[in-house]
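Trainee: Sequence and predicted structure are below.
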2 protein chains.
Amino acid sequence: MVRYKIIIEYDGTDFVGWQRQDNGFSVQQAIEKAITEFSGETVILFGAGRTDSGVHALGQVAHFDLERDTNANTVANALNFYLRSMRISILSAEAVNNGFDARISAKERAYIYKITNRRGPLSVGRGNSWWVPVPLDDVAMNEAAKVLIGNHDFTTFRATRCQANSPIKTLDELTVTRCGEVVEVRARARSFLHHQMRNIVGTLKLVGEGRWTEADVRTALEAKKRAAGGPTAPPDGLYLVEVIY
Amino acid sequence: MVRYKIIIEYDGTDFVGWQRQDNGFSVQQAIEKAITEFSGETVILFGAGRTDSGVHALGQVAHFDLERDTNANTVANALNFYLRSMRISILSAEAVNNGFDARISAKERAYIYKITNRRGPLSVGRGNSWWVPVPLDDVAMNEAAKVLIGNHDFTTFRATRCQANSPIKTLDELTVTRCGEVVEVRARARSFLHHQMRNIVGTLKLVGEGRWTEADVRTALEAKKRAAGGPTAPPDGLYLVEVIY
């Protein structure tokens, strides 16, 4: 038996999310099907992060086992062949030792959230960022973001249906930068709560618009109530960019 | 009567090209329809560049006339409203004097061509660049590009069905740069022949792969025969980025 680690890029627009669901086709299912098609083996694919419907990945990581030892490049090429009609790309595949677990072994996950901040709606890249026509003050957003860095109870930024045992997480990085009309929020943590990144972005957007101050973000965090936070940003702008082991 | 200049971004994937055609829906038609919907007036929209099916624009320019004087911002917002289901975005609108002609007044047009140069196929951004898995030497491509800068007979790089009076054009800029896995070809000229940019990119790709040298590009140019040039690159990677007046 050989364990393979694959790095995956996908456009989440066409999928119900990473994880197998009853209400539609998931990225996990699509890749499991492709693995079966090329190998004849039925496998379960374990992913590092469960992205929601419409959320994208530039560097999702997953592992699976095959009975038959197969060259890792062949695995990547065969998967890409069977996935060719879908917006899923296997960027690399490698054989790893059986102790590797895409989810449990992960030390850190990095996400970016892209906002296109301009008057005109999106055409090229529609579905791949959040269109915000109101001018955003990215410097104020970046200052306010600092309030959330570190170890906190993130109940305010946690989806009501989040299943994590604890709302306490450590944000190692949270920065807001602008490059032309694109405002990018970047975050790094060992793990994230359900909707944590999108709820943070929805809150920082209020700061960017001038409707909230840094102090309001602090008050919201300390309230430890979802209702105290800003709205949930749409999935379109969110990308799982990297999983660090 | 008021003349309006609009700057347009669009994803060409869903359209038969800029210009009205019998075989499908064009960008020009889509915008003319939106103008009629908001103004009640039937207009002809004149574009600066005729992009082919699948070719995109970040800064196409067009003009049209309205009988009723309307605030330019209202024009942009109304058009974006009626175009909301399509991947067409009006970035700006302004009233201009009646001597302005989007096509004839243009001094220069700038195009970029994006190549994603990596092993894994495209997922995010599929349809928006050319996937080339063979490693490309962008420095060699940039050197070879210099052969084509300036005033030349571009018959080798001209579509057989091109209707321009003369194959002689002046390329003011042709550069190849790499940023990570993206190789970008940038060109600027007063005007371009049909398929000129895509035929140039298809030829420079041969240089990037090491199959052609700079000398081969010179020989091809001097042959003044389409058959002497490289293949036509797909439309996916091509963007009309700017029209200079």
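Mentor: Nice, I can see it. Residues are numbered from 1 along each chain as shown, chains lettered A, B, ... in the order given.

Trainee: hang on, A:Ala62 packs against A:Glu32?
Mentor: No: A:Ala62 lies out of contact with A:Glu32 (Cβ atoms under 8 Å); the separation is 9.7 Å. No exception for glycine: its C-beta is placed from N, CA and C like everyone else's.

Trainee: more neighbours, these two?
Mentor: Using other Cβ atoms under 10 Å in any protein chain shown as the criterion, A:Ala62 and A:Glu32 rank with A:Ala62 on top: 23 against 18.

Trainee: Flag every buried residue along the helix or strand in which A:Arg198 is found.
Mentor: Using DSSP states H and E, A:Arg198 falls within helix A:196-208. Within helix A:196-208, the residues that count as buried by 16 or more other Cβ atoms under 10 Å in any protein chain shown are A:196-208.

Trainee: Please list the residues of chain A that sit near chain B.
Mentor: A:9-11, A:56, A:58, A:76, A:80, A:84, A:86-92, A:118-126, A:128, A:239 (Cβ under 8 Å from any Cβ of the partner chain).

Trainee: In strands, which of the residues you listed appear?
Mentor: A:9-10, A:56, A:58, A:88-92, A:239 (DSSP state E).

Trainee: Kindly report the domain assignment for chain A.
Mentor: Under the assignment automatic domain parsing, the domains of chain A span A:2-96, A:108-244.

Trainee: Output those domains as JSON lines; include the columns mean pLDDT.
Mentor: JSON lines is the format used below for the domains of chain A (pLDDT from 0 to 100):
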{"stretch": "domain A:2-96", "mean pLDDT": "96"}
{"stretch": "domain A:108-244", "mean pLDDT": "97"}
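
Trainee: B:Val182 is nearest to which of those domains?
Mentor: B:Val182 lies closest, by Cβ to Cβ, to one member of these: domain A:2-96, at 13.1 Å.

Trainee: Wait, A:Ile31 touches A:Leu45, no?
Mentor: Yes: using Cβ under 8 Å, A:Ile31 is in contact with A:Leu45, at 5.5 Å.

Trainee: Now do the strands in chain A.
Mentor: Using DSSP E, the strands of chain A run over A:2-10, A:46-47, A:56-66, A:88-96, A:108-116, A:130-131, A:150-153, A:168-179, A:182-189, A:238-244.

Trainee: Tell me the buried residues in the fifth one?
Mentor: In terms of neighbour count (16+ other Cβ under 10 Å), strand A:108-116 has its buried residues at A:109-116.

Trainee: circling back to that earlier point, Throw the strands of chain A into JSON lines and include distance to A:Thr213, thanks.
Mentor: Output for these, formatted as JSON lines (distance: least, Cβ to Cβ, whole Å):
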{"stretch": "strand A:2-10", "distance to A:Thr213": "37"}
{"stretch": "strand A:46-47", "distance to A:Thr213": "38"}
{"stretch": "strand A:56-66", "distance to A:Thr213": "31"}
{"stretch": "strand A:88-96", "distance to A:Thr213": "41"}
{"stretch": "strand A:108-116", "distance to A:Thr213": "19"}
{"stretch": "strand A:130-131", "distance to A:Thr213": "22"}
{"stretch": "strand A:150-153", "distance to A:Thr213": "18"}
{"stretch": "strand A:168-179", "distance to A:Thr213": "15"}
{"stretch": "strand A:182-189", "distance to A:Thr213": "18"}
{"stretch": "strand A:238-244", "distance to A:Thr213": "25"}
